[in-house]
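> What follows is a predicted structure for the sequence shown.
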Amino acid sequence: MSGINRIGLGRFSWKRYRFTGALGTSLFRPEPVLLINHDQASNPNWVRIFHDEVVQVGPRLYLGQSHRRVKGRLVFAGYFSLAFPG
């Protein structure tokens, strides 16, 4: 899977920063997650350092956890959600 991030604030949104995704095992606990890889050649370096993991928490509702690489370690950056209309 591949895509482009949609970054929104209120009625404004932008599509930037490509990613690929694949099912895999979380780096933090032994469970399956969707791994989002931002390390794409077209992305600026400050975007390429992010590691995201996404899990389903309800019908059409997903919770993501984002970490950034700092000196070889992953540091928690925040949560995000994905909702798909039914």
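Great, that's in hand. What you see is a predicted model; the values in this text were computed from it and never measured.
> Low-confidence stretches in the protein?
Flagging of the chain using pLDDT under 70 yields an empty set of residue ranges.
> Which stretches in it count as helices?
According to DSSP state H, the chain carries its helices in the segments 45-48.
> for it, what's the longest strand?
Taking DSSP state E as the assignment, the strand of the chain that covers the most residues is strand 12-25.
> Only alpha carbons, please: show that strand as CSV.
Extracted in CSV, the C-alpha atoms of strand 12-25 (Å, rounded to 0.1, in the frame of the first residue of the first chain):
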residue,chain,number,x,y,z
PHE,A,12,-7.9,23.8,5.2
SER,A,13,-6.0,20.7,4.1
TRP,A,14,-2.9,19.9,2.2
LYS,A,15,-1.6,16.7,0.6
ARG,A,16,2.1,16.2,1.2
TYR,A,17,4.7,13.6,2.1
ARG,A,18,4.4,10.1,0.6
PHE,A,19,4.4,6.9,2.6
THR,A,20,4.2,3.2,2.2
GLY,A,21,2.4,0.8,4.5
ALA,A,22,2.5,-2.9,5.3
LEU,A,23,1.1,-5.3,7.9
GLY,A,24,3.7,-6.2,10.5
THR,A,25,4.5,-6.6,14.1
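> Determine how far it lies from the middle of the whole chain.
6 Å (C-alpha atoms, centre = their mean, to the nearest Å).
> Can you spell out which helices and strands pack onto that strand?
The contact analysis (3 or more C-beta pairs under 8 Å, 6 or more residues apart in numbering; DSSP states H and E) places strand 12-25 against strand 2-9, strand 32-37. (Each C-beta comes from the backbone N, C-alpha and C, glycine too.)
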